[in-house]
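Colleague: Sequence plus predicted model, see below.
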Amino acid sequence: MWETVKRLLGSAAPLIGTVIGGPAGSAVGAMVASTLGVEATPAAIEAELKANPDALLKIKELESEERLRLNDLAFQHAALESEERKLAMTTQAATQQAELASNDAYVRRWRPTFGYAMCLAWSLLFFGLAYALVCHPTQAAALVNAVVALTPLFTVALAVLGISIHKRSQDKQVAKGLSPPALFGRLNTTSKEH
C-alpha cells in the first residue's frame with residue numbers, strides 16, 4: 001500500500017520516500033500525515049498528494065527540516081533490511097547443508113534424476129519429430145512450429161540442469177575437502193598462467 005506513496009514522493013522527497021512504510025518508517029508515515037493534516041494511512045496520504053499540488057512542497061520542507069532524524073531512520077531501515085537478507089541467506093545455507101548431509105536416497109539423487117528425465121524428454125521429442133516428419137510430411141511446418149514453441153521450456157530446463165551439474169561438481173570438491181575457486185579466483189589464476 002505504501003508503494004504508491006513512495007513513488008509519488010520519490011523525486012520531491014527521496015529520503016522520506018525511502019523509509020516511509022518500511023520497518024523503521026511508521027514514524028515517518030505519521031510525520032508526513034501530520035504535516036499534511038490527514039490520517040496516518042497510505043490511502044489518506046496518497047489522496048492528499050494527488051489532490052493538493054502544495055502537498056509535495058510541504059513534504060519537501062519536512063524532509064529539509066528533519067534531515068538528521070530521517071537519515072537516522074534510513075540507516076535503521078537499511079540495517080533491518082540487511083539483517084533480513086542475512087537471515088534469509090543463513091536459512092538457505094542451512095537448508096542446503098541439511099540436504100547435503102541427508103541420508104535420504106532421493107535427496108542425493110534428485111539432480112541425476114532430473115538429468116535423466118531431461119535426456120528422455122529431449123530424445124522422445126526428437127525421435128517423435130523425426131517419425132512425424134517421415135510419416136506425415138504435409139504437417140512439417142506445424143510440427144516445427146510446435147517444437148519452436150517448446151524452446152523456452154527446454155531452455156529453462158537445460159539451464160537448471162547445467163546449474164545442477166555445476167553445483168554437484170562443487171559438492172564433490174567440498175566433500176573431498178577442497179575449496180572450489182570463486183569465479184574471480186579462476187579468472188585471476190588463468191590470467192597469471194598466461
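Modeller: Thanks, I have the structure now.
Colleague: Now stretch 60-77: buried residues?
Modeller: By 16 or more other C-beta atoms under 10 Å, the buried positions in stretch 60-77 come out as 60, 62-63, 66, 70, 73-74, 76-77. The way it works is simple: take the backbone N, C-alpha and C, and place the C-beta from them, glycine included.
Colleague: where does that stretch sit relative to the chain's centre, distance-wise?
Modeller: On the basis of C-alpha atoms, centre = their mean, to the nearest Å, stretch 60-77 is displaced by 28 Å from the centre of the chain it belongs to.
Colleague: before we move on, what about stretch 26-42?
Modeller: 31 Å.
Colleague: Tell me the helices and strands packed up against the helix or strand hosting R111.
Modeller: Using DSSP states H and E, R111 sits in helix 105-135. When contacts are defined as 3 or more C-beta pairs under 8 Å, 6 or more residues apart in numbering; DSSP states H and E, helix 105-135 sits against helix 140-149, helix 151-175.
Colleague: can you tell me how far the nearest residue to T35 once chain neighbours are set aside sits from L8?
Modeller: Nearest residue to T35 in three dimensions, chain neighbours excluded: L62, at 4.9 Å (C-beta to C-beta, 6 or more residues apart in numbering). Note on L62: its distance to L8, by C-beta to C-beta, to the nearest Å, is 14 Å.
Colleague: for L57, same thing?
Modeller: L57 sits 13 Å away from L8 when distances are taken as C-beta to C-beta.
Colleague: again with A33
Modeller: Distance, A33 to L8, using C-beta to C-beta: 14 Å.
Colleague: can you check G177 too?
Modeller: The value you get for G177 to L8, if C-beta to C-beta is used, is 56 Å.
Colleague: just V148 next, same as before
Modeller: For V148, the distance to L8 - C-beta to C-beta - is 44 Å.
Colleague: Comparing L57 and L8, which residue is more hemmed in?
Modeller: It is L8, of L57 and L8, that has more neighbours when counted by other C-beta atoms under 10 Å, with 19 against 12.
Colleague: Distance of the nearest residue to the more buried one once chain neighbours are set aside relative to V38?
Modeller: Excluding the flanking residues, the one nearest L8 by C-beta to C-beta, 6+ apart is L49, at 4.8 Å. Using C-beta to C-beta, one obtains 9 Å as the distance from L49 to V38.
Colleague: more neighbours, these two?
Modeller: A direct count of neighbours by other C-beta under 10 Å for L49 and V38 places L49 higher, at 22 against 18.
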